[in-house]
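> Provided below are the primary sequence and the corresponding predicted coordinates.
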Amino acid sequence: MSVSGKPAMDGWIRWVVLAGLAALVALAPLPYGSVPALAKASIAASIGLLAVLAFGLAGKEPVPAHSRLAIAAVLACIAYLVIQVLPLGAIAPGLTAISAHGLDLQALAISLVPGETALLAILAASYVLLYLLIVRTQADDERAQGLLDVMLIVGCVYALIGIAGINATTTLFGAEKPDYVGYATGPFVNRNSFATYLALASTLALTRALAPFLRRAGDPLRLGSVIIGVAAFLLLATALLATGSRMGLASAGLGWLVLIAFWATRTGRGLRAGGWLLLLFGALGIAWLFADAALERVSTIGSGVADRTALYAQVLDLIAMRPLTGFGGGAFQQAFQLVHALPVDPDLLWSRAHSTYLTLWVELGLIFGTLPVLVVFGMGWRLFRAMPQLDDRQWALAAPALGALVIAATHSLFDFSLEVPANAIALIVLLAIGRRAIARPA
């Protein structure tokens with residue numbers, strides 16, 4: 001019995017929730033990484049329904065102590081999103097006023113797009129519920145590993161789909177492919193977002209390949225796990241290379257190196273670590289058939305840097321216009337029109353800042369926009385400090401979270417992959433399982 005007098009979550013409730021979480025992980029990339037508004041609403045509704053089953057019918061439990069500060073910070077951001085929607089212009093005009101191009105404009109609310117901001121608040125609340133669901137339902141290591149295995153299998157399936165559709169002129173859903181013919185995009189429209197998804201999944205493959213070597217002296221080596229991990233890693237690395245994403249490949253490489261470094265430090269097997277590093281480069285060599293896409297993108301780094309520098313300069317000007325209040329969650333596209341000018345291409349509609357950090361500051365302001373960053377980096381710091389003290393099973397659950405965090409934090413510097421719900425969900429699942437693993441006694 002729980003403290004509320006209701007039965008603990010077991011029986012059909014537990015299995016329905018577990019199946020629902022697996023389905024969410026498998027279907028989140030459909031369609032287009034769940035970027036369309038209807039897909040976002042469906043995700044929020046699905047997570048809400050699972051939360052009702054887990055926390056309503058089975059009885060409520062307190063938020064785990066190890067996550068209370070982080071969840072409180074995210075809830076503060078959600079509360080601010082709600083404030084941005086309120087018609088504050090009627091009582092505090094200064095909060096909603098905008099000065100641009102010599103004109104003084106007056107908006108009704110802080111947000112320039114209240115509908116988008118409200119949807120973002122609902123989606124963010126569902127992310128919090130998802131984190132709590134994972135922490136609660138994955139307390140058993142075997143169940144947690146099972147969900148990670150589902151993520152790895154799904155990631156490999158989408159990798160195969162991406163490779164098969166490289167030269168397709170239509171998307172996976174039959175619509176005309178607007179861009180990126182000749183690159184792997186999988187169920188996503190954007191190759192960089194797909195690259196992040198593949199990179200996150202690759203941390204699971206790499207961990208599966210490395211973890212068996214942490215066995216106790218005398219224990220047999222689980223060779224099957226190593227073979228599965230290596231094969232999955234090669235497949236995901238091949239698809240990643242086929243996306244042609246420069247930062248996707250760079251951030252993935254950094255995440256792989258961090259993961260291998262912690263493994264080598266734990267085992268003291270420097271030479272073997274060197275062998276695994278050779279495997280990483282071997283994976284890229286085996287995937288050379290698809291290297292033309294990546295090499296072509298590398299050759300355009302110079303022009304890309306110049307374009308991004310001009311874009312970021314104008315985004316910084318936009319942040320300076322409303323450094324505290326922001327322009328509203330999901331309002332970057334509308335707000336950017338206030339500063340959009342040459343040399344940033346005037347023929348393009350810039351719906352993203354191509355840096356999640358800058359997007360947060362544009363939309364939520366410097367205070368509330370920084371809170372999510374602190375939450376994620378705080379979790380990363382705890383994982384970093386805990387890794388040397390973990391037992392073998394804990395390490396296998398926490399290592400993908402650390403590698404994924406490095407990948408996501410790095411790629412977010414120069415792109416918007418985490419603003420795609422499918423990638424956000426994948427990262428949340430990995431972080432929740434990793435955080436739960438390091439919270440229990442070794």
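Noted; the coordinates are in hand.
> run through the protein and note the low-pLDDT ranges.
Low-confidence segments of the chain, defined by pLDDT under 70: 1-11, 57-62, 102, 139, 215-219, 267-305, 440-442.
> the longest helix seen in it: which residues count as buried?
As assigned by DSSP state H, the longest helix anywhere in the chain is helix 356-386. Residues 356-365, 368-372, 375-376, 379-380, 382-383, 386 are the ones in helix 356-386 that count as buried (16 or more other C-beta atoms under 10 Å). All C-beta atoms are positioned from the backbone trio N, CA, C, and that covers glycine.
> ok, residues contacting whatever helix or strand residue 47 lives in?
Assessed by DSSP states H and E, residue 47 sits inside helix 37-51. Counting by C-beta atoms under 8 Å, 6 or more residues apart in numbering, helix 37-51 makes contact with 17, 20-21, 24, 28, 30-32, 34, 119, 122-123, 125-127, 129-130, 132-133, 421, 425, all of which sit outside it.
> just the residues you listed: which are in helices?
Using DSSP H, the contacts of helix 37-51 in helices are 17, 20-21, 24, 119, 122-123, 125-127, 129-130, 132-133, 421, 425.
> farthest-apart pair in these, please.
17 and 119 (24.5 Å; C-beta to C-beta).
> the more surrounded of those two?
Between residue 17 and residue 119, residue 17 has the larger neighbour count (other C-beta atoms under 10 Å), namely 22 against 18.
> tell me the contacts of that one?
Contact analysis of residue 17 by C-beta under 8 Å, 6+ apart lists 9, 50, 53, 54, 133, 137.
> list the buried ones in stretch 423-440?
Buried positions in stretch 423-440, judged by neighbour count with 16+ other C-beta under 10 Å: 423-439.
> ugh, typo on my part, it should be stretch 72-79
By neighbour count with 16+ other C-beta under 10 Å, stretch 72-79 contains the buried residues 73, 74, 77, 78.
> quick check: the closest residue to residue 371 other than its chain neighbours vs residue 405, distance?
Excluding the flanking residues, the one nearest residue 371 by C-beta to C-beta, 6 or more residues apart in numbering is residue 73, at 4.6 Å. In this view, residue 73 and residue 405 are 16 Å apart by C-beta to C-beta, to the nearest Å.
> and for residue 140?
23 Å.
> can I assume the residue nearest to residue 371 sits in a helix?
Yes. The assignment for residue 73 (DSSP: H, G, I helix; E, B strand; the rest coil) places it in a helix.
> how about it, what does it touch?
By C-beta under 8 Å, 6+ apart, the neighbours of residue 73 are 371, 372, 374, 375.
> my read is that the first one contacts residue 74, right?
Right, residue 371. Yes. If you go by C-beta atoms under 8 Å, residue 371 and residue 74 touch, sitting 7.3 Å apart.
> assign the residue nearest to residue 178 when sequence neighbours are not counted to helix, strand or coil.
Distances taken as C-beta to C-beta, 6+ apart put residue 189 closest to residue 178, at 6.9 Å, once the chain neighbours are dropped. Judged by three-state DSSP, the three-state class of residue 189 is coil.
> what are the phi and psi values for residue 189?
Main-chain dihedrals, residue 189, degrees, to the nearest 10: phi -90, psi -30.
> which of the ones in helices among the contacts of helix 37-51 lies closest to residue 338?
residue 119 (22.1 Å).
> contact partners for the nearest residue to residue 134 once chain neighbours are set aside?
Excluding the flanking residues, the one nearest residue 134 by C-beta to C-beta, 6+ apart is residue 432, at 3.5 Å. Contacts of residue 432 were listed using C-beta under 8 Å, 6+ apart, and they are 130, 131, 134, 135, 138.
> any idea how far residue 416 is from the second one?
Distance, residue 131 to residue 416, using C-beta to C-beta: 21 Å.
> cool, the first one as well?
Between residue 130 and residue 416 the distance is 20 Å, computed by C-beta to C-beta.
> what about the residue nearest to residue 31 when sequence neighbours are not counted, is that helix, strand or coil?
The shortest distance from residue 31 to any non-neighbouring residue, by C-beta to C-beta, 6+ apart, is to residue 173 (5.4 Å). Assigned by three-state DSSP, the conformation of residue 173 is coil.
> how about the strands in this structure?
With DSSP state E as the criterion, the chain has strands at 97-100, 103-106.
> which one of the ones you listed lies nearest to residue 235?
Of all the strands of the chain, strand 97-100 sits nearest to residue 235, with 49.0 Å by C-beta to C-beta.
> buried ones in that closest one, by neighbour count?
The neighbour-count check on strand 97-100 (16+ other C-beta under 10 Å) flags nothing as buried.
> next one: stretch 177-190
177, 180, 183, 184, 185, 186, 187, 188, 189, 190.
> pick out the most distant pair among these.
Farthest pair in these, by C-beta to C-beta: 183 and 187, 13.9 Å.
> counting neighbours, what do you get for residue 96?
Neighbours of residue 96 under the rule other C-beta under 10 Å: 24.
> ok, it to residue 56 distance?
From residue 96 to residue 56 the distance is 38 Å (C-beta to C-beta).
> cool, residue 343 as well?
Taken as C-beta to C-beta, the span from residue 343 to residue 56 is 54 Å.
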